[in-house]
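Q: Sharing a sequence plus its predicted fold:
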Amino acid sequence: MSEAIRARFLVIASFAADALALGAHWIYDPERIRREFGRIEDLADPRPPTYHPHRRRGEFTHYGDQALVLLRSLAEQGGFAEEPFSRSWRALFRNYTGYLDGATRKTLENLAAGKPPAAAGSDSEDLGGAARIAPLVFALRDRPGEILSAARRQTALTHNHPQAVAAAGLLARLGREALGGTRPSEALARMAEDPEIEPISRRWIREGLASASQETLPAVLGFGQDCRVASAFPATVHLIARWEEDPVRGLIENVMAGGDSAARGLAAGMVFGAWKGPEAVDGRWVAGMQAEPEIRELLEAIERGRPR
């Protein structure tokens, strides 16, 4: 399979994982998920009570919506530009009917108070800001000198916490290495021993790798189902390491584990797509995404604008 195909699915699988998570997103009781949804193997409507009452099957969570804004900005600008992305991101939330999380509300407040985009990011340590970077990894995959910096900078625009910013760099590196043909678990093992990576991140990588022999539900429960990088990043490492050869099941198990499955899914889906291409997702998920035609058009536009 060509790298070009896997590069596209690096993005498509990330979006599909978010769409798969929508129905049960932020339900922290796995038994409730099983009771109300059964085993979630296809896209589903959210069921009340839910944080996404105005979303329907095939749409995205607020994370996926932001990733789509990033993809549009990259296509329009021919690369990553902080201020245009910030403007487009802010415009998304005018009359927005989706969920506004704490990081979004605080960043919007800072922008409204006159802070420049580079200084307006919240201090949120949630993984969501780092998890939306698949479009950026796709667009900058041939620019190794830019990709990690851009991933960190785009995250800091809304999640200006050292752990969130560091997670973005790690995920960008992992996605690019998987796209280059490195088995994700091998790339993670090297990263766990890299002295240039801060000790706490290396510890989370090691813990996630060590949990790969566990079933996903107890592993995620052990790390924590919540949004914080301290919980969600090692849980995402677990998903990648355990399910790198069966990513479709891995993304299903992620949703069934509950909590912030959308952020974990966006990140893991990106790596799975880079590694496995179309095999990373169930074709029904891709066909069912309402934004799928636009996503493919934007990917083509970015491809046309790449230097040859």
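A: Thanks, I have it. If you're wondering where the values come from, they're calculated on a predicted model, not measured in any experiment. Numbers count the residues shown, from 1 in each chain.

Q: okay, CA-based contacts and neighbour counts for the rest of this
A: Noted.

Q: looking just at contacts, which helices and strands does the one helix or strand Ala75 maps to meet?
A: Using DSSP states H and E, Ala75 sits in helix 62-77. Packing contacts for helix 62-77, counted by 3 or more CA pairs under 8 Å, 6 or more residues apart in numbering; DSSP states H and E, involve helix 3-21, helix 82-92, helix 134-139, helix 261-276, helix 292-305.

Q: Now mean neighbour count, distance to Gly181 and mean pLDDT too, for those helices, in CSV please.
A: Converted to CSV, the helices and strands packed on helix 62-77 look like this (neighbours: other CA atoms under 10 Å; distance: least, CA to CA, whole Å; pLDDT from 0 to 100):
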stretch, mean neighbour count, distance to Gly181, mean pLDDT
helix 3-21, 29, 8, 98
helix 82-92, 17, 30, 98
helix 134-139, 28, 15, 98
helix 261-276, 33, 7, 98
helix 292-305, 16, 20, 96
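
Q: Please give the centre-to-centre distance between the helix holding Ala75 and its chain.
A: Its chain's average C-alpha position is 12 Å from that of helix 62-77, according to CA atoms, centre = their mean, to the nearest Å.

Q: Other residues contacting it?
A: Applying CA atoms under 8 Å, 6 or more residues apart in numbering, the external contacts of helix 62-77 come out as 15, 18-19, 79-81, 84-85, 88-89, 92, 98-100, 128-129, 132-136, 139, 262-263, 266, 295, 298-299, 301-302.

Q: How about residues contacting whatever helix or strand Ala189 lives in?
A: Assigned by DSSP H and E, Ala189 belongs to helix 184-192. Residues outside helix 184-192 that contact it (CA under 8 Å, 6+ apart): 174, 177-178, 197, 201-203, 205-206, 209, 237, 240-241, 244, 271, 275.

Q: now the residues you listed: which count as buried?
A: Buried residues within the contacts of helix 184-192, counting neighbours by 16 or more other CA atoms under 10 Å: 174, 177-178, 201-202, 205-206, 209, 237, 240-241, 244, 271, 275.

Q: so where is the stretch 201-308 of the chain shaky, pLDDT-wise?
A: By pLDDT under 70, the weakly predicted segments of the stretch 201-308 of the chain are 306-308.

Q: if you set the cut-off to 90 instead, what comes out?
A: Residue ranges of the stretch 201-308 of the chain with pLDDT under 90: 305-308.

Q: re the thing from before, kindly reformat the helices and strands packed on helix 62-77 as TSV containing distance to Pro218.
A: Below are the helices and strands packed on helix 62-77 laid out as TSV (distance: least, CA to CA, whole Å):
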stretch	distance to Pro218
helix 3-21	18
helix 82-92	36
helix 134-139	27
helix 261-276	14
helix 292-305	33
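
Q: Which one of those lies nearest to Asp282?
A: Of all those, helix 3-21 sits nearest to Asp282, with 8.7 Å by CA to CA.

Q: looking only at pLDDT, what's the mean for the helix or strand that comes right after the closest one?
A: Following helix 3-21 in sequence order, the next helix or strand is helix 30-37 (DSSP H and E). In this model, helix 30-37 carries a mean pLDDT of 98.

Q: Restricting to C-alpha, output helix 30-37 in CSV.
A: Taking C-alpha atoms only, helix 30-37 is exported to CSV below (Å, rounded to 0.1, in the frame of the first residue of the first chain):
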residue,chain,number,x,y,z
PRO,A,30,-19.4,1.2,30.5
GLU,A,31,-22.3,-0.8,31.7
ARG,A,32,-24.7,2.0,30.7
ILE,A,33,-23.0,2.0,27.2
ARG,A,34,-23.6,-1.7,26.9
ARG,A,35,-27.2,-1.4,28.2
GLU,A,36,-28.2,1.5,26.0
PHE,A,37,-26.2,0.9,22.8
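
Q: Could you give the number of residues near Val120?
A: Not quite, residue 120 is Ala, not Val. 23 (other CA atoms under 10 Å).
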